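Asker: predicted coordinates and the sequence they were generated for:
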Amino acid sequence: MRKPKILILGAGYGGLMVATRLQKSLGTNEAEIVLVNKNDYHYETTWLHEASAGTLHHDRVRYDIKDVIDRNKVEFVQGTALEIKAEEKKVILENGEIDYDYLVVALGAEPETFGIKGLKEHAFSIVNVNAARQIREHIEYQFATYNTEVEKKDERLTIVVGGAGFTGIEFLGELANRIPELCKEYDVDYHKVKLICVEAAPMVLPGFDPDLVNYAVSHLEKKGVQFMIGTAIKEATPEGIIVGKGEDEVEEIKAETVVWAAGVRGNSIIENSGIEAMRGRVKVQPDLRAPGHDNLFIIGDCSLIINEEINRPYPPTAQIAMQQGEVCARNLTALIRNKTELETFTPDIKGTVCSLGEDDAIGVAFGKKMVGSKASFMKKMIDNRALYMVGGPSLVLKKGKFNVL
Ligand code: FAD
Ligand code: NAD
């Protein structure tokens, strides 16, 4: 008898959780499981700001997918998904197509540029290993070039980070540590370097605990970060950015490096496939299926779930993607076994910790506020836990963060 085929798109936090849970819950005779991912490696999206700043080598943030899947149970296909043809139950890849009985979409996020002119052409975004490596190399190139030119271009030493959300702040924390090293390495006067964060909202980390935000701002300011709060990036140009305060006040900031970290949207494949979405994110049913699609699960950054307490969407996080992955695997197992009752997904938010470089952080975990080395220790434990959840102790030993003292 033909086995039902489960196709998982994306081997990030959500996709790998589904694959590794299904390989345990289903027997080889029960279903065929296929995992498709652009690269043959998984990367820790939550560590990409470190690779981008150059404080962690990019090879440290990735590992081979084949190291964590059971190849007797899960077939891995390296490929780029282009379109989901839900009616025909197939996915078009760059090099071919794959059919399915059940589909899990776990393709992660893309930068949300809100249609701001020039951003796609002139700004970087921290989106994957290749982008992180390019940002690191680009910054180093600016430092290396600065001293070789007779006419000094100070904008080579100006780095603008757009957005003071968690990504922007974590990246600034790493950069603030990296800049003194770069100055030493490339004979650059530290005082010439400008690290500017432009944030449209009236505060850094909008909505986060104000005491923790003050701690973060003062920590980063001491390390040379300049904050432009209540100031929006209006345009990116080959020379830098145009920012605006209110309607009339505009200013040009010349910068050779602009990193856009001001929000994300779901993978464009969702919209390109005609699946109803808001900014590429599908408001999924409580069982994580897309409305109107009995065999299509959407998890991670491509999904949207509402926090009923405040009637607003939960911010997309790895924490939620992994929890969804577990529930999705259980629901798929139930469907394969012809059970009709599926589990409802409810996020269990254990907290939020934001790093400020390697040795400092702020956060709330299990209801407790924390700062400094304690928060930094917690952050590394969270990073290690994510590895453990997917690949067990051997992956933690191979890739974990043990610089905790
Ligand atoms: P991802 O983990 O991003 O995985 C998507 C996968 O799909 C990737 O392997 C990608 O290569 C693959 N893919 C994409 N397009 C295609 C395609 N067309 N075809 C085939 N494969 C494709 N969240 C937290 O909870 N805590 C944190 O501390 C935290 N820190 C963060 C730091 C940074 C710098 C960033 C950018 C995000 C951070 N987040 C954090 C958010 C978190 O990373 C995301 O919410 C999480 O990665 C979402 O998981 P996912 O499975 O949906 O997507
Ligand atoms: P975000 O949406 O959380 O923050 C984006 C910031 O950019 C906001 O503060 C917004 O006001 C600002 N902004 C928007 N438009 C702007 C403009 N034109 N000019 C200047 N500023 C502008 O996005 P993010 O920081 O990329 O985070 C994405 C997701 O990943 C979030 O859900 C976040 O919670 C998660 N994340 C979590 C962690 C963590 O838990 N440590 C770390 C990184 C990211």
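Answerer: Sure, I can see it. On a predicted model such as this, the values are computed, not experimentally measured, just so you know. Numbers count the residues shown, from 1 in each chain. Ligands and ions are numbered 1, 2, ... in the order given.
Asker: residue numbers of the stretch 101-250 of the chain in contact with ligand 2?
Answerer: 116, 162-168, 170, 198-201, 206, 232-233 (Cβ under 6 Å from any ligand atom). All C-beta atoms are positioned from the backbone trio N, CA, C, and that covers glycine.
Asker: where exactly do the strands run in the stretch 101-250 of the chain?
Answerer: Ranges of strands within the stretch 101-250 of the chain are 102-105, 109-111, 158-162, 194-199, 225-229, 232-237, 240-245, 249-254, based on DSSP state E, counting those that start in this stretch.
Asker: strand partners (parallel or antiparallel) of the fourth one?
Answerer: In the sheet, strand 194-199 lines up against strand 158-162 (parallel), strand 225-229 (parallel) (DSSP bridges).
Asker: need the winner for burial among the ones you listed.
Answerer: The highest average neighbour count among the strands paired with strand 194-199, using mean count of other Cβ atoms under 10 Å, belongs to strand 158-162 at a mean of 25.
Asker: can you list contacts of it?
Answerer: 123, 139, 168, 171-172, 175, 193-198, 233, 240-241, 253-262 (Cβ atoms under 8 Å, 6 or more residues apart in numbering).
Asker: make it 7 Å
Answerer: Outside strand 158-162, the residues that touch it by Cβ atoms under 7 Å, 6 or more residues apart in numbering are 123, 139, 168, 171-172, 175, 194-198, 233, 240-241, 253-262.
Asker: sorry, back to before: looking at the residues of the stretch 101-250 of the chain next to ligand 2, which one is closest to V127?
Answerer: Taking Cβ to Cβ as the measure, T167 is the one of these closest to V127, at 10.2 Å.
Asker: for burial, what's the neighbour tally of that closest one?
Answerer: 25 (other Cβ atoms under 10 Å).
Asker: number the chain from 601, please
Answerer: All right, first residue 601 from here; so that's T767.
Asker: which residues touch whichever residue of the stretch 801-950 of the chain sits closest to ligand 1?
Answerer: Among the residues of the stretch 801-950 of the chain, G900 lies closest to ligand 1, at 2.1 Å counting by Cβ to the nearest ligand atom. By Cβ under 7 Å, 6+ apart, G900 lies in contact with 612-614, 706, 708, 921, 924.
Asker: okay, it: pLDDT?
Answerer: Note for G900: predicted pLDDT of 98.
Asker: stretch 914-924: which residues count as buried?
Answerer: 915-924 (16 or more other Cβ atoms under 10 Å).
Asker: what score does whatever residue of the stretch 751-900 of the chain ends up closest to ligand 2 have for pLDDT?
Answerer: Using Cβ to the nearest ligand atom, the closest approach of the stretch 751-900 of the chain to ligand 2 is made by G765 at 2.0 Å. pLDDT, G765: 98.
Asker: could I get the CA-only coordinates of stretch 819-833 as PDB?
Answerer: Provided in PDB are the C-alpha atoms of stretch 819-833 (Å, rounded to 0.1, in the frame of the first residue of the first chain):
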ATOM      1  CA  HIS A 819      25.500  50.000  28.100                       C
ATOM      2  CA  LEU A 820      25.600  50.600  24.400                       C
ATOM      3  CA  GLU A 821      26.100  54.400  24.600                       C
ATOM      4  CA  LYS A 822      29.100  53.800  26.900                       C
ATOM      5  CA  LYS A 823      30.500  51.700  24.100                       C
ATOM      6  CA  GLY A 824      30.000  54.400  21.500                       C
ATOM      7  CA  VAL A 825      26.600  53.800  20.000                       C
ATOM      8  CA  GLN A 826      24.600  56.900  19.100                       C
ATOM      9  CA  PHE A 827      20.800  56.500  19.200                       C
ATOM     10  CA  MET A 828      18.500  58.600  17.000                       C
ATOM     11  CA  ILE A 829      15.100  57.800  18.600                       C
ATOM     12  CA  GLY A 830      11.800  58.900  17.100                       C
ATOM     13  CA  THR A 831      13.600  59.100  13.800                       C
ATOM     14  CA  ALA A 832      12.600  57.000  10.800                       C
ATOM     15  CA  ILE A 833      14.700  55.900   7.900                       C
END
